[in-house]
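Next comes the sequence, and after it the predicted model I'd like to discuss.
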Amino acid sequence: MASLCAAPRGGVNPATNTAYPDRAGSLDNEKSWVRSWIDETYLWYGEVPTTLKASDYATPIAWFNVLKTPVTTPSGRAKDRFHFTYDTEVYRQLSQGGVSAGYGMETASIRSSPPRDIRIAYVEPNSPAASAGLARGAKILTIDGVDVVSAAGSANVNAINNALSPKAVGESHSFTFDVGGTVQLEAANVTSTPVQNVRILTAGSARVGYLLFNEHITTSEALLVNAVNTFKQGAGIDDLVLDMRYNGGGQLLIASRLAYMISSPAVTGGKVFEQLVFNDKNPFRQTVAQTLTPFTATSRSGQPLPTLGLSRVTVLTGPDTCSASESVINSLRGVGVTVNLVGGTTCGKPYGFIPQDNCGTTYFAIQFKGANQQGYGDYSDGFAPTCTVADDFGHPLGDAGEARLAAALTLRSTGACPAGSTKATAARLGLDKLQDSTPETESPYLTNRSPLRENRLLEPVSDPG
């Protein structure tokens, strides 16, 4: 049933250097494969409504989009907020090299309804936005003449959203900012720099490492290793502030390697980074041993990884801290490393995918839940911060005066959250998520972020069907 395609691909798959397996088929064949894939591998296959009919949906993607659980979390959010598809080649380029069409600026919505407040969260080096001199904190006033702050109506909203997320290289739009005036930005193939601003700060007599980590993609591994080696030079560091406020996740093995490098072999040796819990059909025929992801001690090339030997780390978080990033937090807590969170509540995604290509579309259906060494993995409403601190768009990321980093340094020095922030009670600092928090009216979040960037991914396996 797999690879029977209405429009079979020809040539060689660049991901495998082998011919595509596609054979002549139909949309009905593709829809049948989608249904069988869900029925066999989806974590909550038993909760998918049985009254749905493939004939009511024009395409395999439209059919896939409805084949998910309608159940909600304790807070009332949809349990499955993460069901999505991607063009296979676009996914390959983005996941392996962080390459995508864009301006090289991530924008954050501080307020998404009028009067809107949309600002630049960060800028990628060597991108169109960087060349235009744009920087964190700049507020968007107009796009192509549309008033971003106050415009109403679906046509204006669509125009804003479409311009913020260009679909192709060469697409051009006019932006007016409160700082920098009006600039014409043309989308280009932008390569993500997932690790930035690696530096050592002084907090009293202590040396505190800081790094901004934005994506768990393949190219991040070498950058993370370089950062750890930088921190180990000379006198080393006493503490680490890991800024993952905008990190939606990615490859689980990157998260495992990062957690290993933060701690020490004495703490992580023989321990579980994350155990994968599949549905009761065991669709990928995994033994218990195969469901256990260890703290990975070697790089992709088999080289030993450096370690910092820290017993404590502070992570800067927010609603965009998701999935594989949450695995880093959960796994370290699971082996007794103190993980303080400064910022906002994380997104709440203890679930993951084994991406599966069929006929040029890669399907992402939740197939497992991840639990740590202590068996904990129930944080579908997110991890609450130790200190609640609003995102500070008035300072560059990595600046010791930036509110979240400054709060982390204060917490490290005094054991207390700074004035103006909120500290969780002692009970909130353990493995259990915060139950009695009052959510912010509207927490800043990255606008138009691809669902691909909010996940934990495993390497594809053979089709269980």
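Arrived safely, thanks for sending.

From here on, just use CA atoms for contacts and neighbour counts.
Noted.

show me where the stretch 301-450 of the chain has helices.
In the stretch 301-450 of the chain, helices defined by DSSP state H, counting those that start in this stretch lie at 324-334, 403-414, listed in chain order.

Could you dump those into a markdown table with distance to Ser172 added?
Formatted as a markdown table, the entries for the helices of the stretch 301-450 of the chain read as follows, by distance: least, CA to CA, whole Å:
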| stretch | distance to Ser172 |
| --- | --- |
| helix 324-334 | 33 |
| helix 403-414 | 34 |
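
Check the gap between the residue positioned nearest the centre of the chain and Gly348 for me.
Within the chain, the residue whose C-alpha comes closest to the C-alpha centroid is Gly248; the distance, by CA atoms, centre = their mean, is 1.2 Å. Using CA to CA, to the nearest Å, one gets 11 Å for the distance from Gly248 to Gly348.

ok, now Arg81?
Distance of Arg81 to Gly348, given as CA to CA: 10 Å.

Pull up the overlap in contacts between Gly248 and Gly348.
With CA atoms under 8 Å, 6 or more residues apart in numbering applied, the overlap between the contact sets of Gly248 and Gly348 consists of 322-323.

still on that earlier bit, who has more neighbours, Arg81 and Gly348?
Comparing Arg81 with Gly348 by other CA atoms under 10 Å, the one with more neighbours is Gly348, at 21 against 14.

From what I see, the more buried one and Ser380 are in contact.
Yes. Counting by CA atoms under 8 Å, a contact exists between Gly348 and Ser380, whose distance comes to 4.3 Å.

if I pick the nearest residue to Val71 once chain neighbours are set aside, what's in contact with it?
With sequence-adjacent residues excluded and distances taken as CA to CA, 6 or more residues apart in numbering, Val71 is closest to Lys79, at 5.8 Å. Lys79 makes contacts with 69-73, 380, as judged by CA under 8 Å, 6+ apart.

least confident pick among these?
Within the contacts of Lys79, pLDDT reaches its minimum at Thr73, with 86.

State the number of residues packed around that one.
Number of residues near Thr73 (other CA under 10 Å) recorded here: 12.

Check Ser154 too.
With other CA under 10 Å as criterion, Ser154 counts 9.

shared neighbours of Arg81 and Gly348, anything?
With contacts taken as CA under 8 Å, 6+ apart, not a single residue reaches both Arg81 and Gly348.

what helices or strands is the longest helix anywhere in the chain leaning on?
Under DSSP state H, the helix in the chain containing the largest number of residues is helix 27-41. Judged by 3 or more CA pairs under 8 Å, 6 or more residues apart in numbering; DSSP states H and E, helix 27-41 is in contact with strand 4-5, helix 60-66.

mean confidence score for the longest one?
The average of the pLDDT scores along helix 60-66 is 98.

Ok, the first one next?
The predicted model gives strand 4-5 an average pLDDT of 97.

Can you get me a residue count around the closest residue in space to Ser112 that isn't next to it in sequence?
Leaving aside its sequence neighbours, Ser112 sits nearest to Ile118 (CA to CA, 6+ apart; 7.4 Å). Ile118 sits with 24 neighbouring residues when counted by other CA under 10 Å.
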